[in-house]
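Chemist: Here is a sequence with its predicted model. Questions after.
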Amino acid sequence: MPRTHHALKLAAATTLALTLLTACQSTAPTRVAVSPEHEAEMFTPLTALEGDWEMADEDGSMTLASRFVVTANNSAVREIMFPGMGHEMTNLYHMDGNDLVITHYCAAGNQPRMVTSSATQTAEGTTYFFDLDSISNLRPEHDHYMGNMTLTILNDGTLREEWRSYQRDGSLSEPTTFVMHRK
């Protein structure tokens, strides 16, 4: 093989390697440093929810509605909705940079990821408005999926969750509200 042809092949291979290396570097995740103050404002109130929460059934009797567990070296809060029941679901809350994220592991088998970037202080308490960011495992047979959730930690120690789902036509349902008290 002529020396010039070999040099051209080597140059082409080097260019390809450098292009791939640059592409790999440019797709690396962006790291966002969250301030300790912001994390304390956003995440710490959720860690205080650890324990069992109950709500009134239709007949007025109290039933276990959710169990909150702080896990992963205090970096995540797992909420188990309706523990031990056939429609048990899990919500996982954690920080992602400056955002607070909830991934809802639905009984339907899909996993909506909802995000909020702030907590609102109201006369009632602390409110988080989570909106849909993405969803995994959405299947054609799913006629709806969770789209947003409003979590309010009320000043009287009560917890309120308002869930809304997207219907097939893209509209949002009326909220389904759960009002819970610490057991």
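Modeler: Good, I have the coordinates.

Chemist: Centroid-nearest residue for this structure?
Modeler: With distances taken as Cα atoms, centre = their mean, the chain has Ile102 as the residue nearest its mean C-alpha position (1.7 Å).

Chemist: pretty sure that residue contacts Met95?
Modeler: No - using Cβ atoms under 8 Å as the test, Ile102 is too far from Met95 to be in contact (11.1 Å). For glycine as for every other residue, the C-beta is placed from the backbone atoms N, C-alpha and C.

Chemist: ok, back up a step: who's in contact with the helix or strand harbouring the residue nearest to the centre of the chain?
Modeler: Using DSSP states H and E, Ile102 sits within strand 99-105. Surrounding strand 99-105, the residues in contact under the criterion Cβ atoms under 8 Å, 6 or more residues apart in numbering are 42-43, 46, 89-95, 111-117, 119, 128, 130, 133, 146, 149.

Chemist: Likewise for stretch 41-55?
Modeler: 62-70, 74, 77, 79, 93-95, 100, 118-119, 126, 153, 159, 178-183.

Chemist: Try it again at 6 Å.
Modeler: For stretch 41-55, the external contacting residues (Cβ atoms under 6 Å, 6 or more residues apart in numbering) are 62, 64-68, 70, 77, 93, 95, 100, 119, 126, 153, 159, 178-180, 182-183.

Chemist: Just the ones in strands from these, please.
Modeler: Among the contacts of stretch 41-55, DSSP state E puts 62, 64-68, 70, 77, 93, 95, 100, 119, 126, 153, 159, 178-180, 182 in strands.

Chemist: List only buried entries from the residues you listed.
Modeler: Among these, the ones that count as buried by 16 or more other Cβ atoms under 10 Å are 64-68, 70, 77, 93, 95, 100, 119, 126, 153, 159, 178, 180.

Chemist: Show me which pair in these is furthest apart.
Modeler: Looking at those by Cβ to Cβ, the two members farthest from one another are Leu64 and Met95, with 27.3 Å of separation.

Chemist: hang on, the earlier thing: which among the contacts of strand 99-105 end up buried?
Modeler: Taking 16+ other Cβ under 10 Å as the criterion, what is buried in the contacts of strand 99-105 is 42-43, 46, 89-95, 111-116, 119, 128, 130, 146, 149.
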